[in-house]
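I'll drop the sequence and a predicted model, then ask my questions.
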Amino acid sequence: MRRAPGPYEKGGNTYYNVTPLDGMTDEQAESYLREYNHWILQVLNIHEAIPGHYTQLVYSNESPSLVKSLFGNGAMVEGWAVYAERMMLEQGYGNFEPEMWLMYYKWNLRVICNTILDYSIQVKGMTEEQAIKLMTDEAFQQQAEAEGKWRRATLSQVQLTSYYAGYREIYDLREELKQQQGKAFDLKTFHENFLSYGSAPVKYISQLMQDK
């Protein structure tokens, strides 16, 4: 769980809680730790903290538009965190170690699986058995992770689809601007410009950036 200061308390404290293993059986704890291993935890911290959610929310609070800060678009917020994972590895985080990239691709497969899972449960009547099979056999997730995701997917709708939807929009926008600007494209400038519009839908951030 993560908490970042909101637009009305910009100087507030922030914290980031790690899920404790208390109450888990040895088998459950091992399954959980196999899922969140040394490599995955690094990707997770990029996603949840810097330059993922925490960074994005700090920039969002500085937006001159309170509407964009208060009524955040889920796909933009989650999409940025997913985009940050790939961007960091592209820029050399982890020294291009094959283990890091392998675990990143497993993590990214989870993002895609989330979308399939949510749609299949809400629209196509996917059963728990089918969902667990999809996650463990086709997305290589541990049993503990798959069971937790089933509970999450049946208690919410749409949120699980926001990760891939937002990531794809942000990544495609970056690549489009790189094509347009050629050698003039600067990654840091793109990031700061993109984040300056608060937590608005990527569609409208894209329009505002390209209208400049």
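Looks like it arrived, so ask away. Because the structure is predicted, anything quoted here is derived from the model rather than measured.

any chance you could map the helices in the chain?
26-35, 38-48, 53-61, 66-70, 74-90, 98-124, 128-133, 143-155, 159-181, 187-195, 202-211 (DSSP state H).

what is the mean pLDDT for the fourth one?
Helix 66-70 carries an average pLDDT of 79.

and that helix, what does it pack onto?
Packing partners of helix 66-70 (3 or more Cβ pairs under 8 Å, 6 or more residues apart in numbering; DSSP states H and E): helix 53-61. For glycine as for every other residue, the C-beta is placed from the backbone atoms N, C-alpha and C.

run the chain-centre distance for the helix it packs on.
What separates the centre of helix 53-61 from the centre of its chain is 13 Å, taken as Cα atoms, centre = their mean, to the nearest Å.

so it versus helix 38-48, what angle?
10 degrees (axes from the mean of the first three to the mean of the last three Cα atoms, to 10 degrees).

let's have the helices of the chain in CSV, adding distance to residue 18.
Formatted as CSV, the helices of the chain follow (distance: least, Cβ to Cβ, whole Å):
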stretch, distance to residue 18
helix 26-35, 11
helix 38-48, 9
helix 53-61, 15
helix 66-70, 27
helix 74-90, 17
helix 98-124, 17
helix 128-133, 25
helix 143-155, 15
helix 159-181, 20
helix 187-195, 26
helix 202-211, 30
